[in-house]
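>>> Just to be clear, the model below is a prediction. Sequence and coordinates:
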Protein chains: 2
Amino acid sequence: MVGDIIDSNSAMIAQLLKQIGHNVCRKVTIADDFHLLVNEIKEMSQQADVLIINGGLGPTVDDLTAQALANAADLPIATHEKALSHLQAWGNKRNQQLTPANLKQAELPQGCDIIPNPIGSAVGFSLSLNNCQVYCTPGVPRELELMLNEQLIPELNKQNDNFLTIKRFSVFGIGESALQEFINQQIPQWPEAISLGFRAASPLIELKLTCTSKNDLPLLDILSKQLTTILQAHIIEEVQSKPRPLQQLLVELLISRKEVIATAESCTGGLIASLLTEVSGSSAAFEAGFVTYSNRMKERMVGVNHTTLEQHGAVSESVVKEMVEGAIRESGAKYAVAVSGIAGPTGGSVEKPVGTVWIAWGTASDVRTQKMLICGERKYFQNTVAYRTLDLIRRFILNDNTKPHYIKSLS
Amino acid sequence: MVGDIIDSNSAMIAQLLKQIGHNVCRKVTIADDFHLLVNEIKEMSQQADVLIINGGLGPTVDDLTAQALANAADLPIATHEKALSHLQAWGNKRNQQLTPANLKQAELPQGCDIIPNPIGSAVGFSLSLNNCQVYCTPGVPRELELMLNEQLIPELNKQNDNFLTIKRFSVFGIGESALQEFINQQIPQWPEAISLGFRAASPLIELKLTCTSKNDLPLLDILSKQLTTILQAHIIEEVQSKPRPLQQLLVELLISRKEVIATAESCTGGLIASLLTEVSGSSAAFEAGFVTYSNRMKERMVGVNHTTLEQHGAVSESVVKEMVEGAIRESGAKYAVAVSGIAGPTGGSVEKPVGTVWIAWGTASDVRTQKMLICGERKYFQNTVAYRTLDLIRRFILNDNTKPHYIKSLS
């Protein structure tokens, strides 16, 4: 059989461990071979204090973790009562009969401890082997993330007595290299005592300052303030537990103001609306989305003038302005955003090359517009347009007039 | 500094290598320490024929790969002319001045070969060390994927003389465990000569049959045919180079028939429209999307009757039916789909719990409807509704009346 036990969650595990001061000194993946897997577990448990095994907890024949750990620890496999009740509850909730394949997920090394999985069928499990605590975690990223954040990280942090303070900022609208370059220029003598890290959490970048000594805490504060000042419009927020996506910040802002938004999209084809409605509770903040993909529908759905389209073309300042006005008129929302551009790979011209986009945002009486040129693949173009639009309307509502780096005069 | 050199692309690399018969026998990640990284490169190059290093090619101080490989190979770092011209072309295309951080990406181990990167700033590079061919690849998944598919895999496959035939099918609408269980039941004596693998490529599952001996080719054919028969509606296609997403299949189908679709979405909030418009060329197949998030907008945008909403509620068969009819009427499209449901986590009732959704699809004269209960987080619910809707309309257009597993009678 083809074993699919390759871990793709390593970055998440290492990042979270690092936040509590645990360094991953070694990560090994052994593909395809049960005996290699057993040997690796034995060997690593002799070297490490903590071993996290990820993946291979699923119901299929590919999923070997429980059996491999049992072999490594010289334990029999047995039905674990708690895992079984978890599976039954999981099946009941979905009106699903458990198959023998499902039930395999309750067959675990005898005597192991269970780690709850609030959303998936596979529980995690843990046992001590060669004085190393071995944790087996599910491969589904969302399940792993919850298990790490809610169970493993708190447990490991309890055992942790290193001093560690971290400040994190989410930053939008500036590339990783431009960001580093800018910080180098503005704060050329960055002190060694505070380490500076970057983590891409597309479309945001998480900027992380780590301080490992109590004496350096004042320095950490100074640098945090400096960064906030020099990055201005690009700093979205200081991250508390988890960076909040732009769409969530906008929805929360609208809800707090009891105001409502509508969207009129051409080149993003509904992406902005779908980002907003990803957010739980968005029905209080989002009224309607007009995906006016053809010219005819721009006229019909949001009342763009036929002559405007003829004179300026669909990708023009006048058209996106009329789209915002029409979306507000048709929906009764206070705010609207509109985009029209050339996502590519075809459809460009010399005057309006692929990547050209006009964005408009505002209220019935105050519509702002901006032209941009965004180079990259279709999906990258659509995502970039959508997130910049969310950022522009968010700052408009906040009355924040600082100019982000991604706005350049092009025309 | 916090080093961010943790690889999260391992699954992709291993999967692609496996397709050409290369087994990854060992994958090691060393976090955070330059000297450990140098030592690991030395050690692994002594053990392996091919070493693929992923990540760390970026412009920031975190990016250590070039320097580490140079140290391991005892080579100086030098400006690579080809890498430099690539960077300049990359900057020109974006109207960007190259910063010193950008230019660092052309500083490579002397004498190495360049691996083109058609979309990103970081070129890959390669050199031979201890008779092991070392390839350094970018960490951005899309860039890595292109580099693997277009450069590395073809190159490695040339050196490969193992016999290997693989048949792959993309399967939709059945979970991994149900799929395995079903195959076990239907083909209980699965022969050892053909290995059966599963790969989740959400929302599709890729089913892979691998045959490693010429003598077993007839068996491979028999099993492929058997699988196609027993899985019927769930088999989307036999995969040639890359599984095509459902939205792409639908757009291609519509284009080939010169027909057009519209969408009317409530609980998916524009997701179906945005999936369709992800596909290049979709403007020939997609006319308009009505994101009617509030009841008022269901009436105003697609003419749902006020009394229908009052009598049946927004999540009802009558409402989605009227949404399809209205979307067709307003857009002039031949087909439309409509969804209305309770994405949660709030808004459910005893009669209509969170996860309830009504889907409608069809033409002006033939509208089909289906109720479903989809349990899971909000995002999971929205994705599942969107993809099932794409699958239902695709099979409607194909006049395929086989009943997929995910349709259960609930009312």
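Everything's here; your move. Numbering: from 1, shown residues only, chains lettered A, B, ... in the order given.
>>> what are the ranges of the strands in the stretch 251-400 of chain A?
Secondary structure of the stretch 251-400 of chain A, counting by DSSP state E, counting those that start in this stretch: strands at A:261-265, A:286-292, A:335-341, A:356-363, A:366-373.
>>> Ok, the stretch 51-200 of chain A next?
Counting by DSSP E, counting those that start in this stretch, the strands of the stretch 51-200 of chain A are A:77-79, A:107-109, A:113-115, A:124-129, A:132-137, A:165-172, A:194-201.
>>> what comes up buried for the last one?
Using 16 or more other CB atoms under 10 Å in any protein chain shown as the burial criterion, the residues of strand A:194-201 that qualify are A:194-199. Where you see a C-beta, it was placed from the backbone N, CA and C, and this is true even at glycine.
>>> So which of those sits lowest on pLDDT?
Among those, residue A:199 carries the weakest pLDDT, at 78.
>>> Quickly note the distance from it to residue A:217.
Note on residue A:199: its distance to residue A:217, by CB to CB, to the nearest Å, is 22 Å.
>>> do residue A:90 as well
45 Å.
>>> Same question for residue A:368.
41 Å.
>>> How about residue A:114?
Residue A:114 sits 39 Å away from residue A:217, going by CB to CB.
>>> of these two, who's got more company?
Neighbour totals were compared for residue A:114 and residue A:217, and residue A:114 leads with 17 against 13 (other CB atoms under 10 Å in any protein chain shown).
>>> Now that one: closest residue in space, sequence neighbours ignored.
residue A:82 (4.7 Å; CB to CB, 6 or more residues apart in numbering or on different chains).
>>> Now for that neighbour, how many residues are close by?
Residue A:82 has 14 neighbours, counted by other CB under 10 Å.
>>> Tell me the pLDDT of the residue located most distally from the centre of chain A.
What lies farthest from the middle of chain A is residue A:307; by CA atoms, centre = their mean that is 41.9 Å. For residue A:307, the pLDDT comes out at 97.
>>> can you check residue A:8 too?
55.
>>> Also residue A:190?
For residue A:190, pLDDT reads 91.
>>> So which bits of the stretch 301-411 of chain A are right by chain B?
For the stretch 301-411 of chain A, the residues found near chain B under the criterion CB under 8 Å from any CB of the partner chain are A:301, A:330-332, A:343-347, A:373, A:375-379, A:382, A:408.
>>> ok, now with 10 Å
Residues of the stretch 301-411 of chain A lying near chain B by CB under 10 Å from any CB of the partner chain: A:301, A:330-333, A:343-347, A:355, A:373-380, A:382-383, A:386, A:408, A:410.
>>> Could you confirm residue A:404 falls within a helix?
No. The assignment for residue A:404, made by DSSP: H, G, I helix; E, B strand; the rest coil, is coil rather than a helix.
>>> What is the neighbour count of it?
Neighbour count for residue A:404, taken as other CB under 10 Å: 17.
>>> show me the contacts for it.
A:172-174, A:231-234, A:388, A:391-392, A:395 (CB atoms under 10 Å, 6 or more residues apart in numbering or on different chains).
>>> Domain parsing of chain A, as residue ranges.
Following automatic domain parsing, one gets these domains for chain A: A:10-158, A:165-239, A:246-397.
>>> got the strands of the stretch 51-200 of chain A as CSV, with distance to residue B:28 columns?
What follows is these, written out as CSV (distance: least, CB to CB, whole Å):
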stretch, distance to residue B:28
strand A:77-79, 29
strand A:107-109, 26
strand A:113-115, 26
strand A:124-129, 21
strand A:132-137, 18
strand A:165-172, 27
strand A:194-201, 22
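>>> Out of the ones you listed, which gets the lowest mean score?
strand A:194-201 (a mean of 83).
>>> who are the neighbours of it, in terms of helices and strands?
helix A:10-19, strand A:165-172, helix A:176-186, strand A:204-211, helix A:217-231 (3 or more CB pairs under 10 Å, 6 or more residues apart in numbering or on different chains; DSSP states H and E).
>>> any chance of the ones you listed in CSV, with distance to residue B:125 too?
Putting these into CSV (distance: least, CB to CB, whole Å) gives the following:
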stretch, distance to residue B:125
helix A:10-19, 23
strand A:165-172, 29
helix A:176-186, 18
strand A:204-211, 25
helix A:217-231, 32
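>>> circling back: pick out the most distant pair among the buried residues of strand A:194-201.
The largest separation in the buried residues of strand A:194-201, counting by CB to CB, is between A:194 and A:199 at 16.2 Å.
>>> What about the closest residue to residue A:117 other than its chain neighbours? Give its phi and psi, please.
Sequence neighbours aside, residue A:123 is the residue nearest to residue A:117 in space, at 5.0 Å (criterion: CB to CB, 6+ apart). Geometry field for residue A:123 lists phi and psi as phi -80, psi 160, criterion degrees, to the nearest 10.
>>> any idea how far residue A:123 is from chain B?
15 Å (CB to the nearest CB, to the nearest Å).
>>> if I pick that residue, what's in contact with it?
Contacts of residue A:123 (CB under 10 Å, 6+ apart): A:57, A:80, A:82-87, A:90, A:105-106, A:108, A:112-117, A:136-138, A:143, A:147.
>>> swap in residue A:257?
Residue A:257 sits next to A:285, A:334-335, A:397 when contact means CB under 10 Å, 6+ apart.
>>> Stretch A:173-192 close to chain B?
Yes. Stretch A:173-192 reaches chain B (CB under 10 Å from any CB) through A:175-185, A:190, A:192.
>>> that older thread, now the buried members of the contacts of residue A:123.
Buried among the contacts of residue A:123 by 16+ other CB under 10 Å: A:57, A:80, A:83-84, A:86-87, A:90, A:105-106, A:108, A:112, A:114-115, A:117, A:136-138, A:143, A:147.
>>> so of those, which ones are in helices?
If you go by DSSP state H, those have A:83-84, A:86-87, A:90, A:143, A:147 in helices.
>>> Done for today, thanks.
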